[in-house]
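Asker: Sequence and predicted structure are below.
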There are 2 protein chains.
Amino acid sequence: MTNAPASQGGLREVTRRAVQAEIAGRAMELFLEQGFDETTVDQVAAAVGMSGRSVFRYFATKEDMVLGDMLQIGHALAAALQARPAEESPWEALRRALDEPLAALKSDGGKALARATMLATTPALRAAAQQKHTQWEELLLPYVVQRMTGPAATRELRAHAIVSAALSCLDVAVEIWTKSGGTKALDTLLDTAIQAVRS
Amino acid sequence: MTNAPASQGGLREVTRRAVQAEIAGRAMELFLEQGFDETTVDQVAAAVGMSGRSVFRYFATKEDMVLGDMLQIGHALAAALQARPAEESPWEALRRALDEPLAALKSDGGKALARATMLATTPALRAAAQQKHTQWEELLLPYVVQRMTGPAATRELRAHAIVSAALSCLDVAVEIWTKSGGTKALDTLLDTAIQAVRS
DNA sequence: GACAAACATGTCAGCGAATGACAAACACAG
DNA sequence: CTGTGTTTGTCATTCGCTGACATGTTTGTC
């Protein structure tokens, strides 16, 4: 009546996001405190005052409490890639598209670093992150294919190889970055990695 | 004790390997028949006539029944890389070191293809395979670092990037290979992928 | 304001992977 | 045969995760 349903159940979606963020935040605290594997889902649930079952209605897996936003970032990355000028080569466009997420990591200060460190030292999280990484590849692939020249028959293969290699460079750069305690410049590391690969 | 004093005390180790192979074989049959996720460890155990608990004394995880030999291959790969002439560039040496495992895949006929297909379509296996892939990186890294020229400060970073990119190329090539049903030449796919990345 | 549909939550029950503890069966040295 | 060490089975338990059911709580409609 008086209120337009904004965006059809918009309120529900807002509260849902809020609860999700609350869970992720508390979970992150506990994980950093006592480790990811050493923290049970029920502990997280208790910390936010709900049942363990309900937590799984907000996150499909325990890992998603840490990596839940990576899919969003992937979409943002794809959008940024699509927005790059068509003249840029695949490598160039990919590198530029990574600028924004890279800056986000830097501005986030120690929080992103702590997260990256935990991610690097927890096998279960590493595995989950690599899965997201694969999703990114699928999101980015079409926009790289568009930029490919040369024989059409191998276009998909070559585009896929470039995307995968670029993300590998990102991973390596982030790894060295975390090992350095965040002192080294992440964008320089990435540039060096990419240049080395393209030697 | 998942690890072994290996070469010493041969008989025990031999029987152990034999049982391991037996389990892996039966497991593979069941997995291909009814799917990896749809097969319980107890089913595999029953098929080889032992308790579920004992199966876990031969394989640390269910995934290892499929991927158990990947670590060995990694060591073989590292040895092959080390054996390449010192004049070869990192990329060249890595490519040549991959020749043998590639040939093994080809000669194995449909078996390797079926395995690769299941691996590609089962998230849990993909994740585990990527973990082994990371182990490979660590095994190969030192021998690539040896081959690096240029500023020493970034040598590790650049070497790591190249190794990671090379294995990414391998993954992409294998993926297209499985999608093609094994018709396309795997080594050509890999060459094309590497060339594209180094553009 | 009443009512029905949609949604969120708690509770209970269960599956399957993985681990620890203990006892029995076995091989093998002396 | 006896003692030692390894392998295996059995039992119990933890933990991630899912399904089913019941109970409220919103939300939108008449």
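Answerer: Received it, and whenever you're ready, just let me know what you need.

Asker: which residues touch the spatially most central residue of chain A?
Answerer: Centrality entry for chain A: nearest residue to the mean C-alpha point is residue A:70, 3.0 Å, by Cα atoms, centre = their mean. Applying Cβ atoms under 8 Å, 6 or more residues apart in numbering or on different chains, we find residue A:70 in contact with A:129, A:132, A:135, A:136. Where you see a C-beta, it was placed from the backbone N, CA and C, and this is true even at glycine.

Asker: likewise residue A:136?
Answerer: Residue A:136 makes contacts with A:70, A:74, A:77, A:78, A:167, as judged by Cβ under 8 Å, 6+ apart.

Asker: Quickly find the element holding it.
Answerer: Using DSSP states H and E, residue A:136 maps to helix A:123-147.

Asker: Name the residues of that helix that are buried.
Answerer: Within helix A:123-147, the residues that count as buried by 16 or more other Cβ atoms under 10 Å in any protein chain shown are A:124-134, A:136-137, A:139-141, A:143-145, A:147.

Asker: burial of residue A:148, as a residue count?
Answerer: Other residues near residue A:148 number 19, with proximity taken as other Cβ atoms under 10 Å in any protein chain shown.

Asker: so what's it scoring on pLDDT?
Answerer: pLDDT recorded at residue A:148 is 97.

Asker: What helix or strand is the residue nearest to it when sequence neighbours are not counted located in?
Answerer: The shortest distance from residue A:148 to any non-neighbouring residue, by Cβ to Cβ, 6 or more residues apart in numbering or on different chains, is to residue A:155 (4.6 Å). Assigned by DSSP H and E, residue A:155 belongs to helix A:155-179.

Asker: Taking helix B:123-147 as reference, get the angle to that helix.
Answerer: 70 degrees (axes from the mean of the first three to the mean of the last three Cα atoms, to 10 degrees).

Asker: next SSE after helix A:155-179?
Answerer: Downstream of helix A:155-179, the first helix or strand assigned by DSSP H and E is helix A:186-197.

Asker: elements contacting that following helix?
Answerer: Counting by 3 or more Cβ pairs under 8 Å, 6 or more residues apart in numbering or on different chains; DSSP states H and E, the packing neighbours recorded for helix A:186-197 are helix A:90-97, helix A:99-107, helix A:155-179, helix B:155-179.

Asker: The second one and chain B, are they touching?
Answerer: No - contact check for helix A:99-107 against chain B, using Cβ under 8 Å from any Cβ of the partner chain: none in range, with a minimum separation of 15.7 Å.

Asker: quick one: average pLDDT of that helix?
Answerer: On average, helix A:99-107 scores 91.

Asker: So which elements touch that helix?
Answerer: Packing partners of helix A:99-107 (3+ Cβ pairs under 8 Å, 6+ apart): helix A:70-83, helix A:110-121, helix A:186-197.

Asker: Return the set of buried residues in that helix.
Answerer: Judged by neighbour count using 16+ other Cβ under 10 Å, the buried positions of helix A:99-107 are A:102, A:105.

Asker: what does it contact?
Answerer: A:73, A:76, A:77, A:80, A:112, A:116, A:174, A:186, A:187, A:190.

Asker: angle of that helix against helix A:155-179?
Answerer: Counting by the same axes, to 10 degrees, helix A:99-107 points 10 degrees away from the direction of helix A:155-179.

Asker: Can you give the distance of helix A:99-107 from its chain's centre?
Answerer: On the basis of Cα atoms, centre = their mean, to the nearest Å, helix A:99-107 sits 11 Å off its chain's mean C-alpha point.

Asker: got it, and stretch A:166-183?
Answerer: 14 Å.

Asker: Which residues of chain A lie near chain B?
Answerer: For chain A, the residues in contact with chain B (Cβ under 8 Å from any Cβ) are A:89, A:91, A:123, A:126-128, A:130-131, A:134, A:154, A:156-162, A:164-165, A:167-169, A:171-173, A:175-176, A:189, A:192-199.

Asker: what residues go with each domain of chain A?
Answerer: Residue ranges for the domains of chain A, per automatic domain parsing: A:10-65, A:69-197.

Asker: Ok, which of the helices and strands packed on helix A:186-197 comes nearest DNA strand C?
Answerer: The stretch from those with the least distance to DNA strand C (Cβ to the nearest atom of the strand) is helix B:155-179; that distance is 22.4 Å.

Asker: Report the two of the contacts of helix A:99-107 separated the most.
Answerer: Farthest pair in the contacts of helix A:99-107 (Cβ to Cβ) is A:80 and A:116. Separation: 20.7 Å.

Asker: show me what contacts the closest residue to residue A:127 other than its chain neighbours?
Answerer: Nearest non-adjacent residue to residue A:127, counting by Cβ to Cβ, 6+ apart: residue B:127, 4.1 Å away. Each residue near residue B:127 by Cβ under 8 Å, 6+ apart is listed here: A:127, A:128, A:130, A:131, B:63.

Asker: Good, wrapping up.
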